[in-house]
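Novice: Dropping the sequence and predicted coords here.
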Amino acid sequence: MVEKETRNHELKSRIEAVRSGGAEDSVDGPSAGRRKPAKARGAALDWKAIAAKAGASSDGSGMDLKTMLELNRRLEGMTDSEILAAFDEIDSMGLDPKRRAAMEELLIDPLIEKNPELALQRFVNRIGVDDDAIGWRLSSAMAGWAKLDPGAATAWLDQQIAAGVFESRTLDGRSEARIEFEGALAAELLGASTSAVAQRIAALPEEQRREALEQIAFSELNPAAREAYVGLVRSLVPADERAGSFSHVIADLVPEGGYQEVEGFLNSVRATPEERVVSAREAANTRLGTIAEDREVTARDVEEMRAWVEKQAPGTADRVTGESLGEAAQEGGEFDFAAASKLALDYHRRSAGDDVLAAFLESFAARSNSELAQPLLDQIRDPALREKLRESLQ
């Protein structure tokens with residue numbers, strides 16, 4: 001513990017040294033931080049020296065913490081034109097692909113933050129390019145531009161679609177980039193121009209609509225936009241996928257707001273009984289899974305969950321209990337399968353049926369711990385169900 005605290009203290013000291021301008025090495029050169037006076041620290045960045053640091057590891061990301069912090073500080077003070085000039089300089093350096101990618105990753109986020117329109121105009125040819133350091137970040141530029149000027153951003157996206165920029169490169173006709181960009185634009189328009197979002201999502205193939213909507217960070221939406229989102233799910237997402245849409249929403253709400261946030265959401269959108277069943281199940285799984293990452297799930301946690309689930313979806317608490325315990329046991333945290341089994345058996349004994357234990361034994365955790373799960377089969381009351389579960393654990 002003392003050793004860990006010492007390392008943490010040293011790390012904090014290093015960060016503070018970097019932030020205060022006291023780093024031993026500088027992004028201006030190998031030893032510029034020692035020899036340059038403070039007033040000269042605004043000199044042009046030495047991109048060859050930075051590239052050497054960035055390429056120190058096999059994946060091109062071997063820059064040490066103090067250099068990275070100093071570089072980020074310098075990038076924050078650069079104009080968008082200066083960042084573009086840095087891209088040009090890097091292009092001319094003849095770097096190997098990994099090192100060039102590492103350099104581009106350093107620059108693209110600051111450019112997007114300063115001028116998302118410029119980022120899109122400059123790198124439109126990188127949209128949809130697989131494994132590209134820039135291409136996969138450009139949908140965030142679309143979101144940034146739409147926030148500043150939704151009309152111009154929408155018009156630009158339509159122009160690129162018409163020009164074939166988002167044409168699918170796969171046999172199934174699917175364009176991941178188009179889905180990401182439509183989702184980014186929808187997130188900014190939703191609530192203010194819901195009809196426009198509806199038209200855009202409806203223009204996508206049915207099997208892509210749910211995924212486009214799931215690009216939106218639901219927890220960041222205001223109440224009006226949340227209600228609009230649910231309306232789009234109900235009207236545009238295929239019926240057999242709507243449960244998945246609600247699960248996605250609930251998984252986004254639970255970590256920060258817990259059961260209370262979920263209940264408020266369900267009430268605000270006048271959730272149907274079917275939607276509440278799906279949502280209660282996802283909330284329970286997500287909540288216990290989150291707890292299990294940090295500590296053991298306790299009987300008190302389960303009691304709180306069961307009371308809430310029974311309120312939202314009467315008659316489902318037993319099955320949800322077994323399932324959520326199974327989910328929590330596979331999080332790789334502080335709650336192992338043996339502890340989960342003990343709780344599952346306890347609630348099974350309290351119940352009249354087999355729902356708790358059956359759901360627990362159907363979990364991936366049970367299949368992954370089949371030797372520990374086998375003895376639990378003897379507690380299943382229904383012989384036919386017991387044999388069916390035994391087969392699934394083989």
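Specialist: All right, it came through fine. These figures come from a predicted structure and were not determined experimentally. Numbering: from 1, shown residues only.
Novice: all contacts plus neighbour counts: C-alpha atoms, from now on.
Specialist: Fine.
Novice: now the longest helix along the chain, how far from the centre of its chain.
Specialist: Assignment by DSSP state H gives helix 242-268 as the longest helix of the chain. For helix 242-268, the separation from the chain centroid amounts to 16 Å (computed by CA atoms, centre = their mean, to the nearest Å).
Novice: in the very next helix or strand once past that helix, what counts as buried?
Specialist: Helices and strands here follow DSSP states H and E; after helix 242-268, the next one along the chain is helix 273-294. Residues of helix 273-294 classed as buried by neighbour count (16 or more other CA atoms under 10 Å): 275-293.
Novice: looking just at contacts, which helices and strands does helix 273-294 meet?
Specialist: helix 242-268, helix 299-312, helix 317-328 (3 or more CA pairs under 8 Å, 6 or more residues apart in numbering; DSSP states H and E).
Novice: So which residues make contact with stretch 373-392?
Specialist: The contact list for stretch 373-392 (CA atoms under 8 Å, 6 or more residues apart in numbering) reads 345, 353, 354, 357, 358, 361, 362, 366, 367, 393.
Novice: at 10 Å instead, please
Specialist: Applying CA atoms under 10 Å, 6 or more residues apart in numbering, the contact partners of stretch 373-392 are 337-338, 341-342, 344-345, 348-349, 352-362, 365-367, 370, 393-394.
Novice: Show only the entries of those found in helices.
Specialist: Counting by DSSP H, the contacts of stretch 373-392 contribute 337-338, 341-342, 344-345, 348-349, 355-361, 365-367, 370 to helices.
Novice: Now, of those, which are buried?
Specialist: Among these, those scoring as buried are 337, 341, 344-345, 348, 355-361, 365-367, 370 (criterion: 16+ other CA under 10 Å).
Novice: Show me which of these is closest to residue 142.
Specialist: Set against residue 142, the nearest of those by CA to CA is residue 365 (40.2 Å).
Novice: show me what contacts that closest one?
Specialist: 323, 325, 326, 327, 328, 329, 330, 331, 336, 337, 340, 373.
Novice: redo that, cut-off 7 Å
Specialist: Counting by CA atoms under 7 Å, 6 or more residues apart in numbering, residue 365 touches 326, 327, 329, 330.
Novice: what does residue 366 give?
Specialist: The contact partners of residue 366, taken as CA under 7 Å, 6+ apart, are 360, 373.
Novice: And for residue 319, the neighbour number?
Specialist: Counted with other CA atoms under 10 Å, residues neighbouring residue 319 total 19.
Novice: That one against residue 355, yeah?
Specialist: Yes. Counting by CA atoms under 7 Å, residue 319 sits close enough to residue 355 to count as a contact (4.8 Å).
Novice: Could I get the buried residue list for the longest helix of the chain?
Specialist: The neighbour-count check on helix 242-268 (16+ other CA under 10 Å) flags 242-255, 258-259, 262-263, 265-266 as buried.
Novice: for that helix, packing partners?
Specialist: Applying 3 or more CA pairs under 7 Å, 6 or more residues apart in numbering; DSSP states H and E, we find helix 242-268 packed against helix 273-294.
Novice: The helix it packs on to helix 242-268, inter-axis angle?
Specialist: Counting by axes from the mean of the first three to the mean of the last three CA atoms, to 10 degrees, helix 273-294 lies at 100 degrees to helix 242-268.
Novice: residues in contact with helix 273-294?
Specialist: 243, 246-247, 250-251, 254-255, 259, 297, 305, 309, 312-313, 320, 324, 327-328, 331-335.
Novice: Then stretch 107-115?
Specialist: 75, 76, 80, 83, 119, 134, 141.
Novice: What is the nearest of these to residue 219?
Specialist: Ranked by distance to residue 219 (CA to CA), the contacts of stretch 107-115 are led by residue 141 at 20.1 Å.
Novice: ok, the closest one to residue 106 distance?
Specialist: 15 Å (CA to CA, to the nearest Å).
Novice: Can you read off the backbone torsions of the residue lying closest to residue 207 once chain neighbours are set aside?
Specialist: Among residues not flanking residue 207 along the chain, residue 238 sits closest, at 7.6 Å (CA to CA, 6 or more residues apart in numbering). Here is the backbone geometry of residue 238 (degrees, to the nearest 10): phi -50, psi 140.
Novice: In a helix, residue 44, correct?
Specialist: No. Residue 44 sits outside any helix when classified using DSSP: H, G, I helix; E, B strand; the rest coil, being coil.
Novice: In contact with it, which residues?
Specialist: Contacts of residue 44 by CA under 7 Å, 6+ apart: none found.
Novice: Next: residue 227.
Specialist: residue 269.
Novice: per-residue confidence at it?
Specialist: You'll see residue 227 listed with a pLDDT of 92.
Novice: Likewise for residue 373?
Specialist: 95.
Novice: Residue 65 too?
Specialist: Reported pLDDT for residue 65: 75.
Novice: Please apply the same query to the one 5 residues further on.
Specialist: In this prediction, residue 70 carries a pLDDT score of 78.
Novice: count of residues packed around it?
Specialist: 21.
Novice: ok, now the one 3 residues further on?
Specialist: Counted by other CA under 10 Å, the residues lying close to residue 73 total 13.
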